[in-house]
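K.L.:
show me how the following folds:
(2 chains)
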Amino acid sequence: MEELLKKINLLIALVGEAMTLGEAKTWLEVEENARQLRAEGHEEDTDETVES
Amino acid sequence: MKTILAGLLVYSMFVLTACPSGQTLQKAQDASAKVATYANSGINLTRELYRSNYLSLENKDRIADGFIALAKAGQAFDAAVANAKAAYGDTAPKDAIAALFATFNQEVVGKFIAVLQSLKLASVVSGNFAATIELLKTAILVVAKAFGKGGSVQAVIVEAGG
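P.N.:
Numbers count the residues shown, from 1 in each chain, chains lettered A, B, ... in the order given. Sure, this is the predicted structure:
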């Protein structure tokens, strides 16, 4: 555990910025966000599907 | 993205020291909820890397698929915890808790670490991006240890290539 805490301290020092915890999310919201990420870059494919 | 993780780690350290020693189903729920939030941060980081051209479309898709699988595993874990809660109340027998912890390690923590490892390998990351990936990995490890208090977490990390 000491090793882990040392690592955490080292990593915090590496980043060196004040940070805050992200907004809490449910797994369902996580899945939705992941699906949106998956869809990025494929918008043209979707447009073609809609047109046809 | 950079604004997320130091506080997250401080919070995790707080959790590590503040949790009661008893293993409860509430603890399992809390651990799952924390990792879900970290997973969302990982998705946002992946999006940032892709939009900044650090990550190809193909790799972004593969990693997004990994996050989708992780989210489904998280939902399945939450359902298992809810079932146990219905059966036992808040404090389940040790065997049930051990089974949940094993599932959490394999299906949630293991998958998450593997996705992060893929992200690290697939992207041309440096500086704060690379540090953020490491921070996320460490934060997940901290949560898993707080939940399990066992030595098996490190084995999961190694198995996942982390």
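
K.L.:
show me what contacts B:Ala130?
P.N.:
B:Lys120 (C-beta atoms under 8 Å, 6 or more residues apart in numbering or on different chains). Just so you know, the C-beta spots here come from the backbone N, C-alpha and C atoms, and that holds for glycine as well.

K.L.:
A:Arg38 now?
P.N.:
Taking C-beta under 8 Å, 6+ apart as the definition, contacts of A:Arg38 comprise B:Asp61, B:Ala64, B:Asp65, B:Ile68.

K.L.:
for it, give its distance to B:Asp61.
P.N.:
Distance, A:Arg38 to B:Asp61, by C-beta to C-beta, to the nearest Å: 6 Å.

K.L.:
picking that back up, so which of the contacts of A:Arg38 also contact chain A?
P.N.:
B:Asp61, B:Ala64, B:Asp65, B:Ile68 (C-beta under 8 Å from any C-beta of the partner chain).

K.L.:
now the buried members of the residues you listed.
P.N.:
B:Asp61, B:Ala64, B:Ile68 (16 or more other C-beta atoms under 10 Å in any protein chain shown).

K.L.:
for the longest helix along chain B, buried residues please.
P.N.:
Using DSSP state H to define each element, chain B has its longest helix at helix B:57-88. Under the neighbour-count criterion of 16+ other C-beta under 10 Å, helix B:57-88 has B:59-64, B:66-75, B:77-78, B:80-81, B:84-85 buried.

K.L.:
same question for stretch B:42-50.
P.N.:
Buried residues in stretch B:42-50 (16+ other C-beta under 10 Å): B:Gly42, B:Ile43, B:Leu45, B:Thr46, B:Arg47, B:Leu49, B:Tyr50.
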